[in-house]
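A.B. asks: Quick one: sequence plus predicted model below, questions after.
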Amino acid sequence: MSERLLGLDFGNKTVGVAVSDALGITAQGVEIIRREKPTKLRKTYARIVELIGEYEVGKIVIGLPVELDGTEGERCRVTREFADGLATRTDLPMEFQDERYTTVISDRTMNETGQSDHKKYVDEIAAMLILQSYMDREKNISNGN
């Protein structure tokens, strides 16, 4: 694998960003893009496009906030609209990854590692978990599991 994957955890005021290593084995946190209002996305899109070029990204993986019962609610609709807006700015393929429990796991991970300022890192860790889950799932599919 020569092109990297970009993982995004889209939220109301932030987007957590992670990127795969060049071999597509591990996800690493990059940054959290913050905005003042949920509807202000121009700078967010521009920063994501910059990161795509910087990391030589070949595909984008976006966390999809599916309800616990497996249905798609309002947050999924908003996330898909965000993805549509991003698609108009890049010609890269996009995939969605079920992100149920990623915030809970992120919080738990930070508690276990002694991180005191959860809000500062939770979205970045969630993006890493989303991307890692996607890569693990794809590896299992390609291995016939």
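C.D. replies: Cool, the structure landed. Keep in mind that this is a model prediction, so the values were computed, not measured.
A.B. asks: Going by C-alpha atoms from here, please, whenever you check contacts or count neighbours.
C.D. replies: Noted.
A.B. asks: Need the single longest helix in the chain, by residues.
C.D. replies: If you go by DSSP state H, the chain has its longest helix at helix 118-142.
A.B. asks: Now do that helix: which elements does it pack against?
C.D. replies: strand 4-10, strand 14-20, strand 27-34, strand 57-64, strand 94-98, helix 102-113 (3 or more Cα pairs under 8 Å, 6 or more residues apart in numbering; DSSP states H and E).
A.B. asks: one more time with 6 Å
C.D. replies: strand 4-10, strand 14-20, strand 27-34, helix 102-113 (3 or more Cα pairs under 6 Å, 6 or more residues apart in numbering; DSSP states H and E).
A.B. asks: Lowest average confidence across helices and strands of the protein, where is it?
C.D. replies: Every helix and strand of the chain was ranked by mean pLDDT, DSSP states H and E. The lowest is helix 102-113, at a mean of 64.
A.B. asks: about what we covered before: and the longest helix of the chain, which residues are buried?
C.D. replies: Residues of helix 118-142 classed as buried: 118, 121-135 (neighbour count, 16 or more other Cα atoms under 10 Å).
A.B. asks: How far away from the center of its chain is it?
C.D. replies: The chain centre lies 7 Å from the centre of helix 118-142; the measure is Cα atoms, centre = their mean, to the nearest Å.
A.B. asks: from here on, count from 19
C.D. replies: Yes, from this point I'll number from 19; that puts the last item at helix 136-160.
A.B. asks: before we move on, the earlier item: by pLDDT, give me the weakest of the buried residues of helix 136-160.
C.D. replies: Lowest in pLDDT among the buried residues of helix 136-160 is residue 136, which has 56.
A.B. asks: next one: stretch 84-91 to chain centre, how far?
C.D. replies: For stretch 84-91 - counting by Cα atoms, centre = their mean - the centre lies 18 Å from the chain centre.
A.B. asks: Same question for stretch 91-110.
C.D. replies: 12 Å.
A.B. asks: Contacts for that stretch next, please.
C.D. replies: Stretch 91-110 is contacted by residues 77, 82-83 when judged by Cα atoms under 6 Å, 6 or more residues apart in numbering.
A.B. asks: Tell me which residues of that stretch come out buried.
C.D. replies: Quick answer for stretch 91-110 (16+ other Cα under 10 Å): 93-94, 96-98, 100-101, 104.
A.B. asks: What about residue 35, how many residues nearby?
C.D. replies: The burial count assigned to residue 35 is 27, neighbours taken as other Cα atoms under 10 Å.
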